[in-house]
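Student: A predicted structure for the sequence below; I have some questions about it.
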Amino acid sequence: MARLDARRQQHAASSSSCCSAPAVAAFVGLCLVAVWMASSTLVTPAEFSPFQAPLWRRAAAPVEGNAPPAVVRDEKTADEQEPPVPERQQADSTEGANEKQSAAELKDEKPEAKKEEAEVFPDAKDAELLNQTAAPEPGPWRTQAAESNKVETKERTTAPSLPATTSYSWKLCDVEAGADYIPCLDNVDAIKKLRSDKHYEHRERHCPEEPPTCLVPLPPGYRSPIRWPKSRDQIWYSNVPHTKLVQYKGHQNWVNVSGEHLVFPGGGTQFKHGALHYIDFIQEAKKDVAWGKRTRVVLDVGCGVASFGGYLFERDALTMSFAPKDEHEAQVQFALERGIPAISAVMGTKRLPFPGGVFDAVHCARCRVPWHIEGGKLLLELNRLLRPGGYFVWSATPVYQKLPEDVEIWEAMSALTRSMCWKLVNKVKDRINRVGVAIFQKPMDNRCYDGRSAANPPLCRESDNPDAAWNVSLQSCMHKLPADPSVRGLQWPEEWPLRVERPPYWLKSSETGVYGKPAPEDFQADYEHWKRVIQNSYMEGLGIDWSAVRNVMDMKAVYGGFAAALRNMKVWVMNIVPIDSPDTLPIIYERGLFGLYHDWCESFSTYPRSYDLVHANHLFSKIKKRCELLGVIVEVDRIVRPEGRLIVRDDMETIREVESIVKSLHWEVRLSYSQDNEGLLFVQKTMWRPNTSSS
């Protein structure tokens, strides 16, 4: 400031004119910078009524060079000259007064406070959280790719970047499934070549050799989904225009048609009088179930329209529901449209894409799975998934009916479960729903296994990893239970919600975490990082209307910190651990959250238009070393709902590639932000679809 005052005095002494040539040049230069910033799409989000203006102040990019614009950090000394930056953009006129007050507060606050409010990326002391670093060898982290018997993870010799000027010619997918196309489940050519469908091979994943780059059409009349919690009870018929379930199951209170809506009364085959009564009946039958406390993460097999999982939210329990894409037509799609977690999957010849021993309870309400056949192979898969001491809740006609077939199945199930050392803790009939429930409990230790007179089913080989799940065939065996007190599975997790915040007891300080710190510290640092980012940036800064967000996916979840930081929101998060990333999915389940393994070079097992918000943290730069980024972004376009959002954090080269692709898809760029070659891209999908179809 002293230098600036001296300069002003010098100008006053040398000239009496206020329009000297240097002053004019400076004024013109500042005008050019202002024009450049007003026209820059890199730092200015598009105007859109549901969004507020971002909170961050931005600095102009250098006139020369390729350095991207960066957020002003306000770390200058008092005598440094302030660079020409625009004031924070004003919000809509209806909020003008509040915005002016907020701008004044932002201007007057201390630099430290402003830095905290504006934070998108962590401070230098936490910078390791921006990039996943490999654990030193030998490390504690396995990957699904290393365990699988059919995964190609070789990196491409070259990973060419897409130039920003790349042009794309988009067409609609011309496929039998139409608006419901799931590439890995609707691969008609591969399904026709199967030698057998005895074990539901035709419902399993058969992915195309190359991911499709066509776009899935919208159903005629598609409109913005009804918001949660109203969506649990009704959805737009035009969004999921299917009526087979209405015809098959309407009398069982699954789903009915009412005008423009599909209505879900909350019933099911085994709970015609409502899911909540059925849920409470189970807890009365076994108090230790303790929904939302001891039992937090549930697997619902053959979920129907997932009303069981939808109503378990009221008991603070989280349910992973799944069912095949079959003749009942769109039952999982109904669930997702309602805002209830679900995936399309089948118990066939492969393990389900979950680690071993992670579900607190498994539920099957007349799920039509023949548990007792072929040595109980399918029930043994549930045994792999069920936490030691967890419950299997079976509600089916063999439990309570006396028809010859039902009696035969019950006797076979009783013999099988005894040989598996499962204990029948209760078998009771509900007078209201007039159905019976049998509750079995998996043992906590190996005493029963060691005392069996016949080793049938046999114990699995020690080399068989119960967490290996991606493209691994089903095994007709049981894994021994942990005996070491420091190993996962010997102790039950703390009650919810304490378990979400504390590192699992089996994360050892002597082991290195994903980001390089001792594992418990790594876990805690990740959680604190995401709490800070979400609170300071995602909640307010991006202008997201969170009341319109229900189904969320974290494409690269690591410890699940992103989902944990959102736990008080009315959302659920599908945490994905890529198959070539450290296998941290058991940690996510231990926290009372859920997710699955996936290879992002393939299509995800969900219907189109499933998610309101997708989050990708330093994922795409890694993916493009193995497969084409274009196909991955097309898959994101498939699973995101129109008007849904995508948040990408990655290096700037990748950010530019993603931005180029999504712009060609007519997505709206709300914010593109950079700092030290790290970038954040926030975009929103539109209703746009091309007019022509692919052959």
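Tutor: Happy to help now that I have it.
Student: hang on, residue 647 packs against residue 684?
Tutor: No. Counting by CB atoms under 8 Å, no contact exists between residue 647 and residue 684, whose distance comes to 10.4 Å. C-beta: built from backbone N, CA, C; applies to glycine.
Student: Count the residues that sit near the closest residue to residue 579 other than its chain neighbours.
Tutor: Nearest in space to residue 579, with sequence neighbours left out and distances taken as CB to CB, 6 or more residues apart in numbering, is residue 144 at 3.9 Å. Counted with other CB atoms under 10 Å, the neighbours of residue 144 add up to 27.
Student: Could you pull up the contacting residues of residue 144?
Tutor: Taking CB atoms under 8 Å, 6 or more residues apart in numbering as the definition of contact, the neighbours of residue 144 are 151, 468-470, 577, 579-580, 583, 597.
Student: Model confidence score at residue 71, please.
Tutor: Reported pLDDT at residue 71 in the predicted model: 34.
Student: oh sorry, the question was meant for residue 237
Tutor: The per-residue pLDDT reported for residue 237 equals 94.
Student: mind checking the SS state of the nearest residue to it once chain neighbours are set aside?
Tutor: The spatially closest residue to residue 237, leaving aside those adjacent along the chain, is residue 262, at 5.2 Å (CB to CB, 6+ apart). For residue 262, the assignment made with DSSP: H, G, I helix; E, B strand; the rest coil gives strand.
Student: Kindly report the same for residue 614.
Tutor: Secondary structure for residue 614, judged by three-state DSSP, is strand.
Student: Name the single longest strand found in this protein.
Tutor: With secondary structure taken from DSSP state E, the chain has its longest strand at strand 640-651.
Student: Figure out how far the next helix or strand after it is from the centre of its chain.
Tutor: Counting by DSSP states H and E, the next helix or strand C-terminal to strand 640-651 is helix 652-664. For helix 652-664, the distance between its averaged C-alpha position and the chain's averaged C-alpha position is 21 Å (CA atoms, centre = their mean, to the nearest Å).
Student: and what of stretch 341-361?
Tutor: 16 Å.
Student: Can you report how many residues lie near residue 568?
Tutor: Neighbour count of residue 568, defined by other CB under 10 Å: 7.
Student: likewise residue 263?
Tutor: The local packing of residue 263 (other CB under 10 Å) involves 15 other residues.
Student: what's the answer for residue 447, then?
Tutor: Once other CB under 10 Å is used to define contacts, residue 447 is seen to have 10 neighbours.
Student: what's the pLDDT at it?
Tutor: 96.
Student: Same question for the one 10 residues further on.
Tutor: Here, the pLDDT recorded for residue 457 equals 96.
Student: do the same with the one 3 residues further on
Tutor: In the predicted model, residue 460 carries a pLDDT score of 96.
Student: any idea how far it lies from residue 618?
Tutor: With distances defined as CB to CB, to the nearest Å, the gap from residue 460 to residue 618 amounts to 35 Å.
Student: and if you look at residue 306?
Tutor: Distance, residue 306 to residue 618, using CB to CB: 32 Å.
Student: Show me which of these two is the more surrounded one.
Tutor: For residue 306 against residue 618, the residue with the higher neighbour count under other CB under 10 Å is residue 306, and the figures read 29 against 18.
Student: shouldn't that one be in contact with residue 338?
Tutor: Yes. The pair residue 306 and residue 338 qualifies as a contact (CB under 8 Å) at a distance of 7.3 Å.
Student: give the contact list for residue 409.
Tutor: 372, 398 are the contacts of residue 409 under CB under 8 Å, 6+ apart.
Student: Three-state assignment for it, please.
Tutor: At residue 409 the chain is in helix, as set by three-state DSSP.
Student: How is residue 352 assigned, secondary-structure-wise?
Tutor: Here residue 352 takes the coil state, with states given by three-state DSSP.
Student: wait, it sits on residue 345?
Tutor: Yes. Counting by CB under 8 Å, a contact exists between residue 352 and residue 345, whose distance comes to 6.2 Å.
Student: neighbour-wise, which of these two wins?
Tutor: residue 345 (25 against 22).
Student: Residue 671: which element?
Tutor: strand 668-675.
Student: Check what contacts the helix or strand just after that strand and list those residues.
Tutor: In the C-terminal direction, the helix or strand that comes right after strand 668-675 (DSSP H and E) is strand 678-684. Contact partners of strand 678-684, identified using CB under 8 Å, 6+ apart, comprise 45, 48, 68, 120-121, 130, 542, 643-652, 654-655, 658-659, 662, 667-674.
Student: Tabulate the CA atom coordinates of strand 678-684 in CSV.
Tutor: The C-alpha atoms that make up strand 678-684 are tabulated as CSV, following Å, rounded to 0.1, in the frame of the first residue of the first chain:
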residue,chain,number,x,y,z
GLU,A,678,-6.2,-30.7,-9.7
GLY,A,679,-9.7,-30.1,-11.0
LEU,A,680,-13.4,-30.3,-10.0
LEU,A,681,-16.1,-30.6,-12.6
PHE,A,682,-19.8,-30.4,-11.6
VAL,A,683,-22.3,-31.1,-14.4
GLN,A,684,-26.0,-31.8,-14.8
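Student: Now do the buried residues in it.
Tutor: Of all the residues in strand 678-684, those buried under the rule 16 or more other CB atoms under 10 Å are 678-684.
Student: can you put those residues in a markdown table and add distance to residue 237?
Tutor: Supplementary listing: the buried residues of strand 678-684 in a markdown table, determined by distance: CB to CB, whole Å:
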| residue | distance to residue 237 |
| --- | --- |
| 678 | 44 |
| 679 | 41 |
| 680 | 38 |
| 681 | 35 |
| 682 | 32 |
| 683 | 29 |
| 684 | 25 |
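Student: can I get those in CSV with distance to residue 527 and pLDDT?
Tutor: Written out in CSV, the entries for the buried residues of strand 678-684 read as follows (distance: CB to CB, whole Å; pLDDT from 0 to 100):
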residue, distance to residue 527, pLDDT
678, 20, 91
679, 23, 93
680, 20, 94
681, 24, 96
682, 22, 97
683, 27, 98
684, 28, 98
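Student: among the residues you listed, which two are most distant?
Tutor: Of all pairs drawn from these, the one with the longest distance (CB to CB) is 678 and 684, at 21.7 Å.
Student: List phi and psi for residue 197.
Tutor: Recorded main-chain torsions at residue 197 are phi -120, psi 20, according to degrees, to the nearest 10.
Student: ugh, wrong one, residue 321
Tutor: On the backbone of residue 321 - angles per degrees, to the nearest 10 - the values are phi -100, psi 140.
Student: Then residue 342?
Tutor: The phi and psi torsions at residue 342 (degrees, to the nearest 10) take the values phi -170, psi 150.
Student: How about residue 427?
Tutor: Summarising the backbone geometry of residue 427 under the convention degrees, to the nearest 10, its torsions are phi -140, psi 110.
Student: Verify the stated contact: it with residue 438.
Tutor: Yes. In terms of CB under 8 Å, residue 427 counts as a neighbour of residue 438; the distance is 4.6 Å.
Student: So these two - more neighbours on which side?
Tutor: When neighbours are counted by other CB under 10 Å, residue 427 and residue 438 differ, and residue 438 comes out ahead with 22 against 16.
Student: and the more buried one, how far is that from residue 285?
Tutor: According to CB to CB, residue 438 stands 9 Å off from residue 285.
Student: And the spatially most central residue of the chain, what's its pLDDT?
Tutor: Computing the C-alpha centroid of the chain and ranking residues by CA atoms, centre = their mean puts residue 553 first, at 2.1 Å. What the model reports as pLDDT for residue 553 is 98.
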